[in-house]
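Asks: I need the structure of the sequence given here:
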Amino acid sequence: MRAIAPVLLALALGACAQTGETPTASASPDGRDCFSADNISGYNVIDDHTVSVSVGASRHYLLRTNWNARDLDWTNAIAIRSTANWICTGNGLGVQVIGGEPRRTYPIVEITRAPEPAPAAQGS
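Replies: Modelled structure (predicted):
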């Protein structure tokens, strides 16, 4: 994950330049439930089509893909790429999870805030 830190930092800094907010801000300028890829601190596979990401100490989001998330190779670096400055709850358009060897891209079709406490990984 450290290998992708410069890319994630660039995404977060781009958000700062356009919004005037710090990279640790928890909401986008329009008040939606959003986060910066730079603030992701962990990943878990929940089921065949859902990945949970931890954002800071207490926020968790569920990223749903139509691909089999269990095929991700978690021993290599995993990254989240977004065409926008913020990753927000909703349809996930433009958000991808990338990882594995060979490298694979998993398009995200839905992002939701996980209920607290966050779901535990099953069989990963």
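
Asks: what about the strands in this protein?
Replies: For the chain, the strands defined by DSSP state E cover 34-35, 40-47, 50-55, 59-65, 78-82, 87-88, 95-99, 104-113.

Asks: what's the closest of those to Asp71?
Replies: Relative to Asp71, the nearest member of the strands of the chain by CB to CB is strand 104-113, separated by 7.2 Å. (Glycine included, C-beta is placed from N, CA and C.)

Asks: That closest one vs strand 50-55, what angle?
Replies: Relative orientation of strand 104-113 versus strand 50-55 (axes from the mean of the first three to the mean of the last three CA atoms, to 10 degrees): 70 degrees.

Asks: want to throw the strands of the chain into a markdown table with distance to Leu72, mean neighbour count and mean pLDDT?
Replies: Shown next, in a markdown table, are the strands of the chain (distance: least, CB to CB, whole Å; neighbours: other CB atoms under 10 Å; pLDDT from 0 to 100):
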| stretch | distance to Leu72 | mean neighbour count | mean pLDDT |
| --- | --- | --- | --- |
| strand 34-35 | 20 | 24 | 94 |
| strand 40-47 | 7 | 17 | 90 |
| strand 50-55 | 8 | 21 | 94 |
| strand 59-65 | 10 | 20 | 96 |
| strand 78-82 | 7 | 20 | 90 |
| strand 87-88 | 17 | 23 | 95 |
| strand 95-99 | 5 | 20 | 92 |
| strand 104-113 | 7 | 17 | 95 |
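
Asks: Mind putting the ones you listed into TSV with distance to Asp71?
Replies: Formatted as TSV, the entries for these read as follows, by distance: least, CB to CB, whole Å:
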stretch	distance to Asp71
strand 34-35	25
strand 40-47	10
strand 50-55	11
strand 59-65	10
strand 78-82	12
strand 87-88	22
strand 95-99	10
strand 104-113	7
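
Asks: and Arg59, how far is that from Leu93?
Replies: 21 Å (CB to CB, to the nearest Å).

Asks: try Asp47
Replies: Taking CB to CB, one finds Asp47 at 22 Å from Leu93.

Asks: cool, and Ala37?
Replies: Remark: distance between Ala37 and Leu93 (CB to CB) = 15 Å.
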